[in-house]
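K.L.:
Task: produce atomic coordinates for the following.
(one chain, ligands or ions: 3)
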Amino acid sequence: MLVYKFGGTSVGTVINMNHVKDIINSEGKKIVVLSAMSGTTNALVEISELIKAKEFSQAKKHINQLHQDYKSTVNDLISDKNLHNEVTAYVNSIFESLLGCVNQNYSNSLYNSIVANGELLSTFMFSRLLQQEGLKASLLPALEFMRIDRTNEPDNFYIKQNLERLIAQTPEADIYITQGFICLDAEGQITNLQRGGSDYTATIIGAAIEAEEVQIWTDIDGFHNNDPRYVNDTTALSHLSYDEAAELAYFGAKILHPQTVMPVRSVDIPLRLKNTMAPNAHGTLITNQVHGEGIKAIAAKDGITAIKIKSVRMLLAHGFLKKVFEVFEKYETSIDMITTSEIAVSLTIDDTTHLDAITEELEKFATVEIDDYMSIVCLVGHHIIYHPDTPELFQVLQDVNVRMIAYGGSNNNISLLVNTSDRLETLQKLQRYVFEGEVVGIE
Ligand code: ADP
Ligand code: ASP
Ligand code: MG
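P.N.:
Numbers count the residues shown, from 1 in each chain. Ligands and ions are numbered 1, 2, ... in the order given. As a prediction, the model looks like this:
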């Protein structure tokens, strides 16, 4: 079986939903994972923020506006009278439940219930579109099989068992549609796989059913060599290895949720990125094969906090690093980059939930300096640290204030820490030098 995932833009308009229908209307059984229509999850986040701020009439206004938008989408999408009535009743029930949320006390679980509605809406509407067009489509409710455990990892045994059970209940279907992003937690409460999490849903499902391939369909023709939101003339990469794609996704390449590669890497299922708007373009194939040497792609991750920890004794005493790491472990905060000198260690984190407590503990044996609004710029490629051109790369950065460099931690990754205000310039300079052959330092 194949697993397809279509993102927000791919299901964001009636025209695009019809493109998706054409793409999946082929031989063979498949599972189709959908995101919410583009803009919907953001609108739901905004609604929950209004409820949190007790701006109830504004929250209701936003809910009613979104409801109107959905009513007109349904009118354009579904012409069959019975199906139209069914979809309208479903959409109305979702918006009634949203209005019901306005009077509840704000909590994380209320937030999770509110943001889950985007995927519930898109999948219901799309499944009925397929039925209207005579395709054998069945809806698999993600909340009946997708679950994470206490450590926020997918509960693979539960997922496989329940997914297989649900599929077996509708053996006549060719196309199984399900919601990306949403899942249950270990207590059985609604939660999600974090923003952009539908990609991760697709690979978790792919691994569970031992799919032949997982295809992520989006609004761009594959994984580009730099971030197209910030840099002109980026180009799509035809191939990436799991390791390269995982590092780029982890370090900010928005095209893939950071965890997407993990489930398929361990079982060697190919992951293909394709463009819904240009289905004939090659896209990017991600497998365990390595193609090419040198710097292959660059990504940037914002929202990074750098922490410099200086031993209060003049030399890095034996056991100092251990003590530092124990503090981060205690607060379950992962470290992305790390460099050390004789008396200090600098490291970065992206989750600052426990920063105050961490700082307090570190200050018992060290002085601590914190810099926020930092970005990690990450260069990835097979064995880049050995490539003859790589050392010259540092020349390009002579005008950029690089706070930390991690070189050699992995053969395939060089990371630079810069102020977020310098991130754009850094990406653009690297693009010109690395991919456009501009020679640095020659006037
Ligand atoms: P979807 O809604 O389909 O999940 P996303 O917006 O999450 O789509 O991801 C696709 C977007 O990721 C692209 O439109 C592009 O702007 C952005 N992006 C960032 N870095 C890259 C990259 N290296 N290659 C391709 N796209 C990237
Ligand atoms: N709809 C969710 C989001 O906007 C999940 C996704 O699109 O993958 O984050
Ligand atoms: Mg996405």
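K.L.:
Neighbours of the residue nearest to residue 83 when sequence neighbours are not counted, how many?
P.N.:
The shortest distance from residue 83 to any non-neighbouring residue, by CB to CB, 6 or more residues apart in numbering, is to residue 128 (4.8 Å). Glycine gets a C-beta too; all of them are placed from N, C-alpha and C. By the criterion of other CB atoms under 10 Å, residue 128 has 23 neighbours.
K.L.:
All further residue positions should be reported with the first residue as 362.
P.N.:
With 362 as the first residue, the last one maps to residue 489.
K.L.:
where does residue 489 land in three-state SS?
P.N.:
Recorded secondary structure, residue 489: helix (DSSP: H, G, I helix; E, B strand; the rest coil).
K.L.:
can you tell me which residues contact it?
P.N.:
Counting by CB atoms under 8 Å, 6 or more residues apart in numbering, residue 489 touches 439, 444, 447, 448.
K.L.:
Surely residue 423 forms part of a strand?
P.N.:
No - under three-state DSSP, residue 423 falls outside any strand and is assigned helix.
K.L.:
Tell me the predicted confidence for it.
P.N.:
pLDDT recorded at residue 423 is 98.
K.L.:
Verify the stated contact: it with residue 412.
P.N.:
No - here residue 423 does not reach residue 412: they are 9.9 Å apart, not a contact under CB atoms under 8 Å.
K.L.:
neighbour count winner among the two?
P.N.:
Between residue 423 and residue 412, counting by other CB under 10 Å, residue 412 is the more crowded of the two (25 against 20).
K.L.:
wait, what's in contact with that one?
P.N.:
Counting by CB under 8 Å, 6+ apart, the residues that residue 412 touches are 420, 462, 463, 465, 467, 471, 475.
K.L.:
and if we set it to 10 Å?
P.N.:
By CB atoms under 10 Å, 6 or more residues apart in numbering, the residues touching residue 412 are 419-421, 423-424, 459, 462-467, 471-472, 475.
K.L.:
from the residues you listed, which single one is nearest ligand 1?
P.N.:
Distance to ligand 1, by CB to the nearest ligand atom, is smallest for residue 475 among the contacts of residue 412, at 19.3 Å.
K.L.:
residues touching the closest residue to ligand 2 within the stretch 662-804 of the chain, list them.
P.N.:
Proximity of the stretch 662-804 of the chain to ligand 2 (CB to the nearest ligand atom) peaks at residue 664, 15.7 Å away. By CB under 10 Å, 6+ apart, residue 664 lies in contact with 613, 710, 711, 712, 713, 733, 734, 735, 736, 737, 781.
K.L.:
Given the strand or helix carrying it, what are its sheet partners and their directions?
P.N.:
Taking DSSP states H and E as the definition, residue 664 sits inside strand 658-672. Strand 658-672 has its sheet partners listed here by DSSP bridges as strand 705-710 (antiparallel), strand 727-741 (antiparallel).
K.L.:
Quick check on the closest residue to residue 689 other than its chain neighbours: phi, psi?
P.N.:
Leaving aside its sequence neighbours, residue 689 sits nearest to residue 696 (CB to CB, 6+ apart; 5.8 Å). According to degrees, to the nearest 10, the main-chain angles of residue 696 amount to phi -100, psi 130.
K.L.:
So residue 696 sits against residue 668, correct?
P.N.:
Yes - under the criterion of CB atoms under 10 Å, residue 696 makes contact with residue 668 at 8.9 Å.
K.L.:
Neighbour count: these two, which is higher?
P.N.:
Legend: neighbour count by other CB under 10 Å for residue 696 and residue 668, higher for residue 668 (24 against 15).
K.L.:
how much space between the residue nearest to residue 689 and residue 667?
P.N.:
Counting by CB to CB, to the nearest Å, the separation of residue 696 from residue 667 is 11 Å.
K.L.:
Find the residues that touch each one of the two.
P.N.:
Common neighbours of residue 696 and residue 667 (CB under 10 Å, 6+ apart) are 708, 709, 710.
K.L.:
my guess is the second one contacts residue 765, does it?
P.N.:
Spelled out, it's residue 709. Yes - if you go by CB under 10 Å, residue 709 and residue 765 touch, sitting 7.2 Å apart.
K.L.:
who has more neighbours, those two?
P.N.:
Using other CB under 10 Å, the more surrounded residue of residue 709 and residue 765 is residue 709, with 24 against 19.
K.L.:
Can you name the residues that contact that one?
P.N.:
By CB under 10 Å, 6+ apart, the contact set of residue 709 is 662, 665-668, 695-700, 732, 735-737, 764-765, 767, 776, 778.
K.L.:
repeat for residue 493
P.N.:
By CB under 10 Å, 6+ apart, residue 493 lies in contact with 382, 438, 439, 440, 441, 443, 444, 445, 448.
K.L.:
List the ones among those that fall in helices.
P.N.:
Applying DSSP state H to the contacts of residue 493, the entries found in helices are 382, 438, 443, 444, 445, 448.
K.L.:
quick one on the thing from earlier: show me which of the contacts of residue 493 are buried.
P.N.:
Among the contacts of residue 493, those buried by neighbour count (16 or more other CB atoms under 10 Å) are 382, 438, 439, 444, 445, 448.
K.L.:
State the pair within those that is farthest apart.
P.N.:
382 and 445 (16.9 Å; CB to CB).
K.L.:
Count the neighbours of whichever residue of the stretch 412-561 of the chain sits closest to ligand 1 for me.
P.N.:
Closest to ligand 1 within the stretch 412-561 of the chain is residue 557: 5.1 Å, counting by CB to the nearest ligand atom. Residue 557 has 21 neighbours, counted by other CB under 10 Å.
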